[in-house]
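Asks: fold the following and give me the result.
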Amino acid sequence: MNLKLKKAYSACKSKLIALNYAQRPGWFDWAFAVILFAAASLFFCCSDDLITTAWNVDELIDAIFQGDFFHFYSRALAWALDGSHPLGTQIDYAAYYNIVIYLIFAVCFLPLKAISWAFHTGISSFVFVTYGKLVIAAFVLLCAYFLFRLSGKLGMNRQKSLWTVFLFLSSSTMLFGSVLFGQYDALSSLFTIISLLFFMDKKYYRFCLVMALAICCKVFALFIFIPLILLIEKRILHIIKYLLCGVSGLLFTRFLFLWDEGYAITQKSLNELFGFSDRLFEKGIPGAHGNIGLFLFVFLAVCMFCYFINPPEEKRCSYIISIPVIVYGSFFLFVSWHPQWPMIITPFVALAIMSCRNIKTALLVDFGICAGHIAVAALNGTGCDIYIVNGGILPYIFGEKYRGISFVYLYEKLGLPLVVPATVFAVCLAFFIWLVFYNQYKNNFSGIQAEKTEIDRGILWLRASAILLYIIPSLALYFWELR
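Replies: Presented below is the predicted three-dimensional model:
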């Protein structure tokens, strides 16, 4: 009897070990990712931002069909200030983004607009938000598809490529910044990933043109575009040629609305509101003639390094991973960021994790990054407190919005300083940057070509569960107030 029990115990132990260590994502891994994705998408949304974007897209479609495209920003500004906007009268509700973003959304929203025209009915804000979140979800899934292709181009086998996609789709930073918050940053990531496919194929003009679209959607893409150009081109005139090609979209779209008074007003207001250029210099160390900007110091050091090295072609794939992680990571260490911005680093974090030999360590560090990011975003007055639950479906189902206590209030009641989550985020991100740099220096990105990779599923799910630190307390507080 004891022998049978021992055999049964050994068999169960073997099955549990086999279940915990997997060479490719199982159906339950994908199911877990889908549940997290659905919960983030359905129950939360920074709906004011999405409503504003959706209504501006609606105005753009009308402007195009009325032959008034070149005055779109003036029309959107007038609409925001004359009391017609559903959220009120405020210049913040005008069109701020690059026209490329609005045009892409206009194409996506055209079927909804066509239904509105066909049935002679208006479109409610709820429909706009729901449809907008579906569009954002589509952008994220397209990112995942092209990330799978990029993984293959980098030398990963199918199993490792699938794990890379899973890491991206289950990233709490991605889910929080894009799916839960309801922001369009996945669009810039999509064009960046596509451009890197052309980079790997040595189709550098196409790489520059697609990267130009990414830069139009989010200018941050410029910070990895420049080092990558310096990595493959050393001739000054050719560098200038490629750089001009990369910023051509930004220059062209600004030229289009040069005579649109509304565009000048909204861009000035945007700069005053976000002060993006000032952010680059706000964190620094004392120098002989003033502060030395920490992010600019790292960025310029990376650019110089890329210009002066000439790696063999078989090693370029590792730089496609390390450069974005080091540059974007330094940006989020030293520059004051908005909650949705860190989403742009998540595809490269997924690639870096699957490219390292020490995957377990990388997963644990990424858990710290994700948890720190969510805590900082929720507790620092950036519009990500529990109240964005009111942009989800629960208030429409139960007819009640949440008006209770905030996460900031609860955190302050515990007597903990806000510096704690910010420090956790910074330490984990800095360690991850060092880990990537170390693997690049020691040529340990050879894990890219490893035939077999076993993932500790327990740590994998722990890392994916970071988003639950926000979702579960939010839903608990909502239903507690509803009772």
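Asks: the strands in the stretch 351-483 of the chain, which residues?
Replies: With DSSP state E, counting those that start in this stretch as the definition, the stretch 351-483 of the chain shows strands at residue ranges 455-456.
Asks: tell me where it has helices.
Replies: 359-379, 394-398, 407-413, 419-441, 457-464, 468-482 (DSSP state H, counting those that start in this stretch).
Asks: turn these into TSV, including mean neighbour count.
Replies: C-beta coordinates here come from the backbone N, C-alpha and C atoms, glycine included. TSV is the format used below for the helices of the stretch 351-483 of the chain (neighbours: other CB atoms under 10 Å):
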stretch	mean neighbour count
helix 359-379	22
helix 394-398	14
helix 407-413	14
helix 419-441	18
helix 457-464	18
helix 468-482	16
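Asks: ranking those by mean pLDDT, which is last?
Replies: Lowest mean pLDDT of those: helix 407-413, a mean of 83.
Asks: helices and strands around that helix, which ones?
Replies: On a contact count with 3 or more CB pairs under 8 Å, 6 or more residues apart in numbering; DSSP states H and E, helix 407-413 meets helix 359-379.
Asks: what about the stretch 151-300 of the chain, any weak spots by pLDDT?
Replies: 272-278, 281, 284, 286-290 (pLDDT under 70).
Asks: make a markdown table out of the helices of the stretch 351-483 of the chain and add distance to Leu42.
Replies: Output for these, formatted as a markdown table (distance: least, CB to CB, whole Å):
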| stretch | distance to Leu42 |
| --- | --- |
| helix 359-379 | 18 |
| helix 394-398 | 9 |
| helix 407-413 | 20 |
| helix 419-441 | 26 |
| helix 457-464 | 18 |
| helix 468-482 | 10 |
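Asks: so which of those helices is nearest Trp259?
Replies: Counting by CB to CB, Trp259 lies closest to helix 359-379 out of the helices of the stretch 351-483 of the chain; the figure is 38.5 Å.
Asks: in this structure Gly182 contacts Cys46, no?
Replies: Yes. Using CB atoms under 8 Å, Gly182 is in contact with Cys46, at 5.2 Å.
Asks: what about these two, which has more around it?
Replies: Between Gly182 and Cys46, counted using other CB atoms under 10 Å, Gly182 has the larger neighbour count: 26 against 21.
Asks: could I get the contacting residues of that one?
Replies: 44-47, 49-50, 129, 132-133, 136, 391 (CB atoms under 8 Å, 6 or more residues apart in numbering).
Asks: ranges for the strands of this protein?
Replies: 21-22, 284-287, 290-293, 455-456 (DSSP state E).
Asks: circling back: so what sits against both of Gly182 and Cys46?
Replies: Gly391.
Asks: could I get the contacting residues of the residue nearest to Trp480 when sequence neighbours are not counted?
Replies: Closest residue in space to Trp480, ignoring its immediate chain neighbours: Gly404 at 7.6 Å, by CB to CB, 6 or more residues apart in numbering. Shown in contact with Gly404 (CB under 8 Å, 6+ apart): 386, 477, 480-481.
Asks: same thing but 10 Å
Replies: 386-387, 477-478, 480-482 (CB atoms under 10 Å, 6 or more residues apart in numbering).
Asks: give the buried residues for the longest helix along the chain.
Replies: With residue count as the measure and DSSP state H as the assignment, the chain has helix 125-153 as its longest helix. Neighbour-count burial for helix 125-153 flags 128-133, 135-137, 139-140, 142-144, 146-148, 150-152 (criterion: 16 or more other CB atoms under 10 Å).
Asks: just stretch 301-320 next, same as before
Replies: Those would be 302-303, 306-307, 316-320, for stretch 301-320 by 16+ other CB under 10 Å.
Asks: so which of those residues are in helices?
Replies: Using DSSP H, the buried residues of stretch 301-320 in helices are 302-303, 306-307, 316-320.
Asks: which one of these is nearest to Ile326?
Replies: Val302 (6.1 Å).
Asks: ok, now how distant is the closest one from Ala76?
Replies: Using CB to CB, to the nearest Å, Val302 is found at 38 Å from Ala76.
Asks: and the residue nearest the centre of the protein?
Replies: Met343 (1.9 Å; CA atoms, centre = their mean).
Asks: tell me how far the residue nearest to Gly329 when sequence neighbours are not counted lies from Val365.
Replies: With sequence-adjacent residues excluded and distances taken as CB to CB, 6+ apart, Gly329 is closest to Ile433, at 4.3 Å. Ile433 sits 10 Å away from Val365, going by CB to CB.
Asks: again, but for Ile344
Replies: 19 Å.
Asks: and if you look at Ala39?
Replies: In terms of CB to CB, Ala39 sits 24 Å off from Val365.
Asks: and the pLDDT at Ala33?
Replies: If you check Ala33, the pLDDT there is 94.
Asks: list the contacts for the nearest residue to Ile99 once chain neighbours are set aside?
Replies: Excluding the flanking residues, the one nearest Ile99 by CB to CB, 6+ apart is Thr253, at 5.1 Å. Each residue near Thr253 by CB under 10 Å, 6+ apart is listed here: 98-101, 103, 212, 216, 263.
Asks: what does Val127 give?
Replies: Val127 neighbours (CB under 10 Å, 6+ apart): 54, 112, 115-116.
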